[in-house]
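>>> coords below, sequence missing:
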């Protein structure tokens, strides 16, 4: 359609401008800018085109993407140059009419390991896959309440986190009488989640990844490379 081609052209132009500025951004921010330039579509209708446009432009400009917490109900891909640290990205303040969120006083993680450059056909999926999780700005990996409920552990209770470097994975289980004393006990936080430390991720050979695969059942939750 002519409208879709015009929108795609606008999205590519925004991506080019922002990449020339070596800016970090999310697809949602591109959609907002496109709307300012006359594209009359909401992000949920545009996001496929947005990710395609970014991948097409970014594949020749040294850009990559990292899945991160951005202050929204779901995580999002943050696009950045391969040499830049995405954990310094400041997400939009969703209650602040497009302004950046306040700078956190917490130290940020050092950066991603072996970032994979974008490819022109590498935008799929536009949405985050089931099981895909990203770290927060401190490099910690949040295991959400929905998964921990499968283990029947709730806020204030303990979960056991085992780093396994031989298999490059982390296992999360309910406490038992036979737990290894080297395993770490994590208290489930008020939101029903746990946040795996950088040390535990690095001990399993998983530190600094752009995306993690988290899956599990009533016996065990595993964290692996995506």
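Nice, I can see it. Everything numeric in this text was worked out from a predicted model, so none of it was measured.

>>> go ahead and confirm residue 112 touches residue 210.
Yes: using CB atoms under 8 Å, residue 112 is in contact with residue 210, at 5.2 Å. In this view, the C-beta of every residue, glycine as well, is placed from N, C-alpha and C.

>>> who's more crowded, the two?
Each of residue 112 and residue 210 has its neighbours counted (other CB atoms under 10 Å); residue 112 has more, 24 against 21.

>>> wait, a strand at the more buried one?
No: per DSSP: H, G, I helix; E, B strand; the rest coil, residue 112 lies outside any strand segment and is coil.

>>> who's in contact with it?
Applying CB atoms under 8 Å, 6 or more residues apart in numbering, we find residue 112 in contact with 64, 66, 85, 86, 208, 209, 210.

>>> and the pLDDT at it?
At residue 112, the model reports a pLDDT of 92.

>>> circling back to that earlier point, could you identify the most distant pair in the contacts of residue 112?
The largest distance within the contacts of residue 112, taken as CB to CB, falls between 85 and 209 and amounts to 14.0 Å.

>>> compare the two and say which is more crowded by neighbours.
Using other CB under 10 Å as the criterion, residue 85 and residue 209 rank with residue 209 on top: 24 against 16.

>>> wait, the more buried one sits on residue 224?
No: if you go by CB under 8 Å, residue 209 and residue 224 don't touch, sitting 9.6 Å apart.

>>> for the longest helix belonging to the chain, which residues meet the burial criterion?
Determined from DSSP state H, the single longest helix within the chain is helix 2-20. Under the neighbour-count criterion of 16 or more other CB atoms under 10 Å, helix 2-20 has 7, 8, 10, 11, 12, 14, 15, 18, 19 buried.

>>> in terms of secondary structure, what does whatever helix or strand comes next after it contact?
Sequence-wise, the next helix or strand downstream of helix 2-20 (DSSP states H and E) is strand 25-26. Using 3 or more CB pairs under 8 Å, 6 or more residues apart in numbering; DSSP states H and E, the elements in contact with strand 25-26 are strand 76-81.
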